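Participant: sequence and predicted structure below; questions after.
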Amino acid sequence: MPLDAVPVPAGPREPGPDSGSTAVAHPNIALIKYWGKRDEELVVPCVDSLSMTLDILPTTTTVTLCPQGRPDRVTFDGSPAEGERRHRIIAFVDLVRELAGRSDPVLVETRNAVPTGAGLASSASGFAALAVAATAAYSLRLDPTALSRLARRGSASAARSVFGGFALCHAGHGVGAAADLSSYAEPVPLPDFDPAMVIAVVSTSAKAVSSRAAMRRTVETSPLYRAWAASGRADLTDIRAALRRGDLAAVGEITERNALGMHATMLAARPAVRYFSPATMAVLDSVLQLRRDGVPAYATMDAGPNVKVLCPPEAADRVAEAVRGAVPDGSVLIARRGPGARLLPGAER
Ligand code: PMV
C-alpha cells in the first residue's frame, strides 16, 4: 500500500440506500497523447501525456455500501452492467477495498453524459468519478496524487481527469511497485490559458477495437511506435514552453502533430488499427481550410473517429460552423477547460 493511502477507521455507520457517495468527473482530451502501456496489470503508460479537462460531458457515479453477504451490483445508465465493463468496475472497487482494508459489497451506479467507448474519453471521466466516489464510500482518504495514481489503475487517462484545467501524467520509472508509485498526474497551473475545444461527434458507436487491444498491438508490432514515443518527449518539452508563453498556435501545431503521429503508429501496426472514417477526414479537411482562411484551429483525435479542434474561444463558433458543414449528420459541441473530479455536496464523510 502506498504510504499516502492511509485508511481511515470505519465508523459504525449502517449502510443504507441513502448512504451513497456521489462524484462527478469530466473527460479530458490529451494534447500530448499516451498510447501504450509498459505494465498492463498496473496500467502504467509508456509515455508522459498532457491534457485539458473539459467542462462538458461529465460522468456521475454513486457508490453505496451494502450489507455483508449481498452481491456487488453495477448499473450503467440505469441498466445492469455486464461483461468486460462490469469486470473492470468491480476489479477497481476490489482495489479500493484492498487499500481500505474493507470488504463491504457495493452498488455502483454510473451515468455518462458522453457516449461510451467512442473515443470521447468516457473511461477517463468514468474511472476518475469512480475513484472519488469509491474512496469516499470506503472512507479512504487519499491526497490528490494518490487519487490520481489510483484512477490510473482503471484507465491511464483517468489519472488526468482527477484534476481540472491542464494536467501532466508521468509515465514514471522503474518496474512493479516503483512504476506504480511514480506514475500519476499533476496539475499544470495555467490560469490565463483558456482555449476552446470544438468536438465533432461524427460517430457515437463504440469502437470496433478497444484502445486497450489497439495500443497493445501497436506497441508489439508497429515499427513506428518507438519513433513516435521519442518524438513525443520533444513534443512535451515544446508544448510546455508554448503553454507558458500562452502561444495557442504553437500549442495547436504540437497537439496536431502528436495526434497524427500516434495514429500513424496505429496505421503501421500489423494488422493496422484505423480509427479514421471518411467523416474524420472531412473534419480534418475543414480544419486545414480554416487555417488557410486565417483561423487558428488545430485537430486532435483519440481512439475513435471523432475529432476535437483546439482554437481560441472567439473562433469557436466559426470553427463549429465549419465542422458542422463538413459532417452534416454529426453533432458539434463546444467545450472549455473544466473542473477536476469532485464529491457532490452531502456526500462527504
Ligand atoms: O485511457 P485509455 O485506455 O482509454 O486510453 C486512451 C488513450 C488516448 O485517448 C488515445 C490518448 C490519451 O492520452 O488520452
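Facilitator: Everything's here; your move. Residues are numbered from 1 along each chain as shown.
Participant: need the residue closest to the centroid of this structure.
Facilitator: What sits nearest the mean C-alpha location of the chain, by Cα atoms, centre = their mean, is A124, with 2.8 Å.
Participant: are the strand or helix carrying that one and the ligand in contact anywhere?
Facilitator: Taking DSSP states H and E as the criterion, A124 maps to helix 122-137. Yes: Helix 122-137 reaches the ligand (Cβ under 6 Å from any ligand atom) through S123. Every residue, glycine included, has its C-beta placed from N, CA and C.
Participant: so which elements touch the helix or strand just after that helix?
Facilitator: Heading C-terminal from helix 122-137, the first helix or strand you meet, by DSSP H and E, is strand 140-142. With contacts taken as 3 or more Cβ pairs under 8 Å, 6 or more residues apart in numbering; DSSP states H and E, strand 140-142 sits against strand 5-7, helix 83-100, helix 122-137.
Participant: can you lay out these as JSON lines showing mean pLDDT?
Facilitator: JSON lines is the format used below for these (pLDDT from 0 to 100):
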{"stretch": "strand 5-7", "mean pLDDT": "38"}
{"stretch": "helix 83-100", "mean pLDDT": "97"}
{"stretch": "helix 122-137", "mean pLDDT": "96"}
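Participant: determine which stretch of the ones you listed is the most buried.
Facilitator: With neighbours taken as mean count of other Cβ atoms under 10 Å, the helices and strands packed on strand 140-142 reach their highest mean count in helix 122-137, at a mean of 29.
Participant: now do it against helix 83-100, angle only.
Facilitator: Helix 122-137 and helix 83-100 meet at an angle of 40 degrees, taking axes from the mean of the first three to the mean of the last three Cα atoms, to 10 degrees as the criterion.
Participant: check which helices and strands helix 122-137 sits against.
Facilitator: Under the contact criterion of 3+ Cβ pairs under 8 Å, 6+ apart, the helices and strands touching helix 122-137 comprise strand 21-25, strand 59-65, helix 83-100, strand 106-112, strand 140-142, helix 144-154, helix 158-161, strand 342-343.
Participant: adjacent strands (with direction) for the shortest one?
Facilitator: As defined by DSSP bridges, the strand partners of strand 342-343 come to strand 21-25 (antiparallel).
Participant: what about the helix or strand following the partner strand, near the ligand?
Facilitator: On the C-terminal side of strand 21-25, the nearest following helix or strand under DSSP H and E is strand 28-32. Yes: where contact is defined by Cβ under 6 Å from any ligand atom, part of strand 28-32 touches the ligand, namely A30.
Participant: thinking again about what came up before, tell me if I'm right that the residue nearest to the centre of the chain and A30 touch.
Facilitator: No: counting by Cβ atoms under 8 Å, A124 does not reach A30; the two are 9.0 Å apart.
Participant: need the residues touching each of those two.
Facilitator: In the contact map built from Cβ atoms under 8 Å, 6 or more residues apart in numbering, the residues linked to both A124 and A30 are S157, R160.
Participant: quick one, helices of this protein?
Facilitator: Under the criterion DSSP state H, helices of the chain are mapped to 83-100, 122-137, 144-154, 158-161, 176-182, 211-221, 225-245, 248-267, 278-292, 316-326.
Participant: so how far is the fourth one off the chain centroid?
Facilitator: Meaning helix 158-161. With Cα atoms, centre = their mean, to the nearest Å as the basis, the distance from the averaged C-alpha position of helix 158-161 to the chain average is 5 Å.
Participant: with the second one instead?
Facilitator: Averaged C-alpha coordinates place helix 122-137 at 11 Å from its chain's average position (Cα atoms, centre = their mean).
Participant: report the angle between that helix and strand 59-65.
Facilitator: In this structure, helix 122-137 runs at an angle of 30 degrees to strand 59-65, with the same axes, to 10 degrees as the basis.
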